[in-house]
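# Give the three-dimensional model of this entry:
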Amino acid sequence: PDEIPGRSIFSLLHPDDVEEARAALKLACSRPGVAGSVELRVRHADGSWRVHEACSYNLLDHPLVRGVVVNSRDITERREMERALRMQGELGMRLGATDDMEEICEIALRTAMEATGMDSGCLYLLDEGGGELRLAKHAGLSKEFVELVLSYGPDTPEASLVEKGEAVFARYAETEFSLTPARLAEGLKAVALLPILHEGRAIGCLNLASHRMEVAPDSSRRAAPAMMGHISQALARARLVERLRESEERYRLLHDHAGEAIYTFDRDLRLLSVNRAACEKVGYTEEELLGRNVLELGILHPGDFERV
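Below you'll find the model as predicted:
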């Protein structure tokens with residue numbers, strides 16, 4: 001308390017908010033008996049900026065007060081929660097609009113960095129076969145550092161932390177990560193390891209870091225984990241789509257290169273697909289066959305119609 005008396009209230013405000021505060025105070029002084037409010041950023045003793053709602057009430061005409069009463073309350077947490085909810089909603093819509101794995105990784109990493117205030121990060125996907133974490137997307141890191149963190153084997157400290165499924169916020173130099181002089185040379189300070197879980201099992205992780213902040217702020221610790229549900233669902237969906245595409249490609253190769261003729265048609269006997277062998281056997285091209293009724297093509301003997 002002894003540090004505040006005697007100081008101008010404007011010295012505690014963010015420089016960009018001073019003019020707005022002066023204008024609000026001037027307006028308050030010009031309207032006796034009227035209340036007003038304004039949101040301002042106020043510097044905390046720890047150096048951070050806190051969002052305050054300042055409410056004024058003009059009592060200049062009151063004989064016992066003769067002044068403007070200003071009450072201020074810290075609404076930083078509320079504003080951060082509103083921002084986090086807004087970003088979650090936007091993230092969900094953006095991820096829901098694509099099944100492309102690379103695009104999902106890009107959106108997830110960039111949004112998580114923005115939400116936490118971190119200036120760099122990596123997104124890893126877990127190889128289901130060997131249990132290795134493989135780098136899928138990175139941002140804000142030097143080429144030399146990226147070369148050192150392309151993957152983590154199943155026996156590494158990083159993989160073990162992801163397997164535990166619990167978020168880790170710490171100073172980089174104090175983590176259980178595989179630290180080497182070359183990795184420390186990147187100059188990372190605050191870091192966050194966020195496992196990506198789907199149906200209770202790890203499918204990857206987000207590693208976020210800052211070259212400036214010593215410790216991740218409380219807002220980061222609340223914002224990032226809340227987004228992981230959207231990210232895990234999108235990644236799981238993209239993997240499923242990839243498997244379906246691979247399955248369809250394998251079927252197409254078998255279909256196209258089978259030695260026997262394969263005809264696929266609907267209930268009305270319209271041809272939906274034919275393979276190469278089928279075209280060779282009847283002497284028509286695929287374009288000439290598709291969409292045509294089998295009975296109208298002239299490839300069947302009339303005596304076989306009823307049996308078909």
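
# for the stretch 51-200 of the chain, what spans make up the helices?
Assigned by DSSP state H, counting those that start in this stretch, the stretch 51-200 of the chain shows helices spanning 76-96, 101-116, 143-148, 157-164, 181-184.

# May I see the buried residues of the fourth one?
Right, the one you point to is helix 157-164. E158, A159, L161, V162, E163 (16 or more other Cβ atoms under 10 Å). In this view, the C-beta of every residue, glycine as well, is placed from N, C-alpha and C.

# and the closest residue to D17 other than its chain neighbours, bridged to which residues?
Closest residue in space to D17, ignoring its immediate chain neighbours: L40 at 4.7 Å, by Cβ to Cβ, 6 or more residues apart in numbering. Going by DSSP bridges, L40 is paired in beta bridges with H52.

# where are the low-confidence patches of this protein?
1-3 (pLDDT under 70).

# What is the longest helix of it by residue count?
helix 218-257 (DSSP state H).

# Show me what the following helix or strand past that one packs onto, helices and strands only.
For helix 218-257, the succeeding helix or strand toward the C-terminus, using DSSP states H and E, is strand 263-265. With contacts taken as 3 or more Cβ pairs under 8 Å, 6 or more residues apart in numbering; DSSP states H and E, strand 263-265 sits against strand 271-274.

# what do you get if the cut-off is 10 Å, keeping everything else the same?
strand 271-274, helix 276-282 (3 or more Cβ pairs under 10 Å, 6 or more residues apart in numbering; DSSP states H and E).

# which of the residues in it are buried?
Y263, F265.

# Report the distance from it to the chain centre.
43 Å (Cα atoms, centre = their mean, to the nearest Å).

# Quick one: the buried residues of helix 157-164 as a markdown table, columns for distance to G96 too.
Below are the buried residues of helix 157-164 laid out as a markdown table (distance: Cβ to Cβ, whole Å):
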| residue | distance to G96 |
| --- | --- |
| E158 | 29 |
| A159 | 29 |
| L161 | 29 |
| V162 | 25 |
| E163 | 28 |
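
# Go through the residues you listed and name the one nearest L272.
V162 (44.9 Å; Cβ to Cβ).

# So that closest one versus S220, what's the distance?
V162 sits 19 Å away from S220, going by Cβ to Cβ, to the nearest Å.

# now swap in V18 and tell me
28 Å.

# Between those two, which has more neighbouring residues?
Remark: of V18 and S220, S220 carries more neighbours, 22 against 16, as counted by other Cβ atoms under 10 Å.

# Find the nearest non-adjacent residue to E199, please.
A236 (8.0 Å).

# Please report how far the one you found lies from R183.
With Cβ to Cβ as the criterion, A236 and R183 are 30 Å apart.

# you'd agree A115 is up against R222?
Yes - using Cβ atoms under 10 Å, A115 is in contact with R222, at 9.4 Å.

# Need the residues touching each of the two.
Listed as contacting both A115 and R222 by Cβ atoms under 10 Å, 6 or more residues apart in numbering are E80, A84.

# Brilliant, that's me finished.
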